[in-house]
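*Asks:* Fold the following, please.
(one chain, ligands or ions: 3)
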Amino acid sequence: MTGDATERGLLISPIKHGTVIDHITAGEALNVLKIIGITGTTTESISVATNVKSGKMAKKDIVKIENRELFKDEVNRISLIAPNASINIIRDYKVFAKKGVETPEFLVGIVRCPNPGCISNANEPIQSRFEVQEKGLHCLYCDWVITRDITSYII
Ligand SMILES: Nc1ncnc2c1ncn2[C@@H]1O[C@H](COP(=O)(O)OP(=O)(O)OP(=O)(O)O)[C@@H](O)[C@H]1O
Ligand SMILES: [Mg+2]
Ligand SMILES: [Zn+2]
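*Replies:* Ligands and ions are numbered 1, 2, ... in the order given. Here you go, the predicted structure:
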């Protein structure tokens, strides 16, 4: 394990198996947890370091999740919040695989449409559907576009 003293374990101890989400945009770690569905009461063992010094970026956040390997769609969702994040799968204390995050084409059931009149907000069993576009998240039901504060719309 390389990196500065913060990463080497003064702040977060090594994990045997799980996922390290590294190079998260400084300050966004809690939003990253939110978008991969970790909110409120949790049974998982998670370490979070925010605004730590990093060589590559001035500051960054890191999240370490024990005993869980993230799926591709969970990984890609992270790009909406931290496009430079790297995902390290840890097996037997070593980095088994490292990958970047790719922007997903669609988000299904991840964010709530801000339009109260949208069918996805009606009392129907309809999941929200957004297309990820350059200008923002485009609701496929009502054409609303979320251009900012995406994290406040995460379900
Ligand atoms: N067993 C482990 N437990 C917890 N964190 C780990 C473990 N192994 C590596 N890490 C962390 O995972 C990240 C990636 O580890 P790696 O050894 O690839 O570092 P690196 O060479 O700095 O990688 P990069 O080039 O992506 O910055 C670092 O933040 C490191 O501290
Ligand atoms: Mg590094
Ligand atoms: Zn809508």
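
*Asks:* Which SSE is immediately downstream of the worst-scoring helix or strand of the chain on mean pLDDT?
*Replies:* Least confident helix or strand of the chain, by mean pLDDT, DSSP states H and E, is helix 5 with a mean of 49. Sequence order places strand 18-25 as the next helix or strand after helix 5, per DSSP states H and E.

*Asks:* tell me which strands and helices the helix or strand just after that following strand is in contact with?
*Replies:* In the C-terminal direction, the helix or strand that comes right after strand 18-25 (DSSP H and E) is helix 29-35. With contacts defined as 3 or more CB pairs under 8 Å, 6 or more residues apart in numbering; DSSP states H and E, helix 29-35 has these neighbours: strand 46-53, strand 59-66. Where C-beta positions appear, they are placed from N, C-alpha and C, glycine not excepted.

*Asks:* which parts of helix 29-35 are buried?
*Replies:* Neighbour counts over helix 29-35 (16 or more other CB atoms under 10 Å) mark Ala29, Leu30, Asn31, Val32, Leu33, Lys34, Ile35 as buried.
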